[in-house]
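A.B. asks: have a look at this prediction, sequence included:
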Amino acid sequence: MNATPLHASLTYPQGYLDFLSMTPKRGHRLGNYELQPEGLEKFNAALRALSPESPTLTLDQMASAAQRALDRYPDGGQPAFVTSRMATLLRLESMVYDAAWEPDDVLCEHLHTLQAYVCSSDDLIPDRLPVIGLLDDAVLIDVGLQLLREDLAEYEDFCRFRRVAADFAGITSAETGLTRAHWLEALTQSRGGRSGSYGRARTRFAPDPRSTLFHIT
């Protein structure tokens, strides 16, 4: 059984910022594979599409970051950073594809940018490489997460709201018919009728399921 290093989760504690700070000294090779400028341009193009103001990365920075992962996972396991960010992509997909959440165009565009790169067969680091194959994908997802983390937090709150109502009524979440508008209405009610801005540093709504029953048909 392969053991995961105790410090493995600390490989990139600051995500994308760790890649920016990598000292570019080691060249472009990763074992038998050499990073290609064309792949880097594709990566940086996706990065610019997500966040035009973000600094782009160099081949040396990516190679240095990838080597750190290879050094810390000699057993061939997947870095915790990669695992967590790939799971984040699945959650972002759930949010955008949830019709009850009514995602805006910006959310959809960001997700499509991420999906296009992740599904590409000629990205910066081939997916087939052990340990680091999904590292470049994870870096882009990390940038997307920083941009959308408040939206995702609000969506998670909505999911809890919908799930509590569903459990109370003994039905599925989809059967509740609850939408983002219902969640916002319940949030306003919990604040004594004060509307205002609901997000970005708000207190999470802990719903009383009885207050949502009138929404369930």
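C.D. replies: On my side now, so go ahead. Residues are numbered from 1 along each chain as shown.

A.B. asks: the residue nearest the centre of the chain is in what secondary structure piece?
C.D. replies: In the chain, the centroid-proximal residue (Cα atoms, centre = their mean) is Thr88; its distance is 3.6 Å. Assigning secondary structure by DSSP states H and E places Thr88 in helix 80-97.

A.B. asks: what sits against the residue nearest to the centre of the chain?
C.D. replies: Thr88 sits next to Ile141, Gly144, Leu145, Leu152 when contact means Cβ atoms under 8 Å, 6 or more residues apart in numbering. C-beta coordinates here come from the backbone N, C-alpha and C atoms, glycine included.

A.B. asks: so which pair among those residues is furthest apart in space?
C.D. replies: Farthest pair in the contacts of Thr88 (Cβ to Cβ) is Ile141 and Leu152. Separation: 11.7 Å.

A.B. asks: what's the overlap in contacts for the two?
C.D. replies: Residues touching both Ile141 and Leu152 (Cβ under 8 Å, 6+ apart): Thr88, Leu92.

A.B. asks: quick one: which of the two has more around it?
C.D. replies: Between Ile141 and Leu152, counting by other Cβ atoms under 10 Å, Ile141 is the more crowded of the two (25 against 18).

A.B. asks: any idea which element that one lies in?
C.D. replies: Element membership of Ile141 [criterion: DSSP H and E] is helix 135-169.

A.B. asks: what's the answer for Ala45, then?
C.D. replies: According to DSSP H and E, Ala45 maps onto helix 37-50.

A.B. asks: now do the following helix or strand past that helix against helix 80-97, angle only.
C.D. replies: Using DSSP H and E, the helix or strand that follows helix 37-50 towards the C-terminus is helix 59-72. Interaxial angle of helix 59-72 relative to helix 80-97 (axes from the mean of the first three to the mean of the last three Cα atoms, to 10 degrees): 110 degrees.

A.B. asks: name the helix or strand of the protein that has the lowest mean pLDDT.
C.D. replies: strand 29-30 (a mean of 86; mean pLDDT, DSSP states H and E).

A.B. asks: which other residues reach that one?
C.D. replies: Residues contacting strand 29-30 (Cβ under 8 Å, 6+ apart): Leu35, Ala63, Ala66, Gln67, Leu70, Ile125, Leu129, Ile132.
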